[in-house]
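Chemist: turn this into a model:
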Amino acid sequence: MSPSAVHRATGSRAALGALAATLLVTVTAVAGCASGTQEENGAARSATVRLPPRHAGFDYQIGGAYPPPAGVRIVSRDRSDSPAPGLYNICYVNAFQAQPAERSAWPADLLLRDARGGVVSDQDWNEPLLDLRTPAKRERVAQRVEQWIDGCADRGYDAVEPDNYDSYTRSHGLLTAADATAFMALLSRHAHARHLAVAQKNTAELAGRRERAGLDFAVTEECGQYDECEVYAKAFDDRVVDIEYTDRGLRAARARWGDRLSIVRRDRDVSTPDADAYVRKVR
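Modeler: Purely as a prediction, here's the structure:
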């Protein structure tokens, strides 16, 4: 999905020197599951990463960067934008699907294809799914995504948000949860080596695999709307930033989790303040 376009919201549904409340931890990211039920063998890597503070002011700016509102301590921005000085910055990367404008840059054999050779796409966003069915292909895709992760680290981000972890659910059975977990583990190991924390984006059904995938906190969309916040809060010890796209969802999230999680209401376009569609609320 292109961050400059409408943002995804699904039902299944990072240069902070100044935030003393942010915890320095040592994270071990292990290799995940390969296709089927066997785990891939791989050396675990440890690196000191900075986790986001709990229950902190948050703004979701993947549709375009702008000065963070007062009280914001955590910001998520697209990898093409620079981090916000003095805040905890999360770098958005579309990791499991190819954005339409970048489709031609991907080798043809790394786009997921069905039995007839047709490219399997996320129909809502016209994004081809990446082929993660074998260890060799996962490594090749990871090598490309890791260049973007390096860019996030070089720019001074604190964490990375690999989007579309749940793309296997749109693969018509060609990809599995094990494929997704194994690929995420590759990205996590690389990010941790660059001292970046890694967020699980949505995909509540895989929250129980967070250690296997090397994930450190969660970025969720509409966990209040779909009553999924508890799943993420338990899995990530309340290190959860949640974006709601409706007033109803914001009320639901705040009613139970307002004193524990980082919650913001944004418009579905994730607009900048100069746009008519711009919405940002915390209450």
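
Chemist: which residue is nearest the middle of this protein?
Modeler: Geometric centre of the chain, nearest residue: Glu161, 3.1 Å, by Cα atoms, centre = their mean.

Chemist: how far away is that one from Asp78?
Modeler: Glu161 sits 10 Å away from Asp78, going by Cβ to Cβ, to the nearest Å. Heads up, the C-betas are built off the backbone N, CA and C, glycines and all.

Chemist: shared neighbours of these two, anything?
Modeler: Common contact partners of Glu161 and Asp78 (Cβ atoms under 8 Å, 6 or more residues apart in numbering): 91-92.

Chemist: where does the residue nearest to the centre of the chain fall, phi/psi-wise?
Modeler: Glu161 adopts backbone torsions of phi -120, psi 90, taken as degrees, to the nearest 10.

Chemist: surely it and Lys201 touch.
Modeler: Yes - in this structure, Glu161 is within contact of Lys201 by Cβ atoms under 8 Å, at 5.6 Å.

Chemist: give me the secondary structure label for Met184.
Modeler: Under DSSP: H, G, I helix; E, B strand; the rest coil, the three-state class of Met184 is helix.

Chemist: correction: Ala70
Modeler: Secondary structure assignment for Ala70 (three-state DSSP): coil.

Chemist: what's the helix or strand for Asn89?
Modeler: Taking DSSP states H and E as the definition, one finds Asn89 inside strand 88-94.

Chemist: okay, now the unreliable bits of this protein?
Modeler: Scanning the chain for pLDDT under 70 picks out 1-47.

Chemist: repeat that with 50
Modeler: 1-46 (pLDDT under 50).

Chemist: that one: helices as residue ranges?
Modeler: Secondary structure of the chain (DSSP state H): helices at 135-155, 177-193, 210-213, 229-235, 247-257.

Chemist: how far does the longest one sit from the chain's center?
Modeler: Distance of helix 135-155 from the chain centroid (Cα atoms, centre = their mean, to the nearest Å) equals 14 Å.

Chemist: just the last one next, same as before
Modeler: A distance of 21 Å separates the centroid of the chain from that of helix 247-257, by Cα atoms, centre = their mean.

Chemist: same question for that helix: list its buried residues.
Modeler: Within helix 247-257, the residues that count as buried by 16 or more other Cβ atoms under 10 Å are 249-250, 252-254, 257.

Chemist: what helices or strands is that helix leaning on?
Modeler: helix 229-235, strand 240-244, strand 262-266 (3 or more Cβ pairs under 8 Å, 6 or more residues apart in numbering; DSSP states H and E).

Chemist: neighbours of Gly64, how many?
Modeler: If you count neighbours by other Cβ atoms under 10 Å, Gly64 ends up with 18.

Chemist: quick check: it touching Ser271?
Modeler: Yes - with contact defined as Cβ under 8 Å, Gly64 reaches Ser271; the gap is 7.4 Å.

Chemist: can I get the helices of the chain in a markdown table with distance to Ala115?
Modeler: Below are these laid out as a markdown table (distance: least, Cβ to Cβ, whole Å):
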| stretch | distance to Ala115 |
| --- | --- |
| helix 135-155 | 17 |
| helix 177-193 | 17 |
| helix 210-213 | 29 |
| helix 229-235 | 34 |
| helix 247-257 | 39 |
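
Chemist: closest one to Pro83 among these?
Modeler: helix 135-155 (6.0 Å; Cβ to Cβ).

Chemist: next, the angle from the closest one to helix 177-193.
Modeler: 30 degrees (axes from the mean of the first three to the mean of the last three Cα atoms, to 10 degrees).

Chemist: export helix 135-155 to PDB, keeping only CA atoms.
Modeler: Extracted C-alpha coordinates of helix 135-155, given in PDB (Å, rounded to 0.1, in the frame of the first residue of the first chain):
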ATOM      1  CA  PRO A 135      13.600 -20.200   2.300                       C
ATOM      2  CA  ALA A 136      15.500 -19.200  -0.900                       C
ATOM      3  CA  LYS A 137      12.800 -16.800  -2.000                       C
ATOM      4  CA  ARG A 138      12.400 -15.400   1.500                       C
ATOM      5  CA  GLU A 139      16.100 -14.600   1.600                       C
ATOM      6  CA  ARG A 140      16.000 -12.800  -1.700                       C
ATOM      7  CA  VAL A 141      12.900 -10.700  -0.800                       C
ATOM      8  CA  ALA A 142      14.500 -10.000   2.600                       C
ATOM      9  CA  GLN A 143      17.700  -8.700   1.000                       C
ATOM     10  CA  ARG A 144      15.700  -6.000  -0.800                       C
ATOM     11  CA  VAL A 145      13.500  -5.100   2.200                       C
ATOM     12  CA  GLU A 146      16.600  -5.000   4.400                       C
ATOM     13  CA  GLN A 147      18.000  -2.200   2.300                       C
ATOM     14  CA  TRP A 148      14.900  -0.100   3.300                       C
ATOM     15  CA  ILE A 149      15.500  -1.100   6.900                       C
ATOM     16  CA  ASP A 150      19.100   0.100   6.600                       C
ATOM     17  CA  GLY A 151      17.700   3.400   5.300                       C
ATOM     18  CA  CYS A 152      15.500   3.700   8.400                       C
ATOM     19  CA  ALA A 153      18.500   3.100  10.600                       C
ATOM     20  CA  ASP A 154      20.700   5.500   8.700                       C
ATOM     21  CA  ARG A 155      18.100   8.200   9.000                       C
END
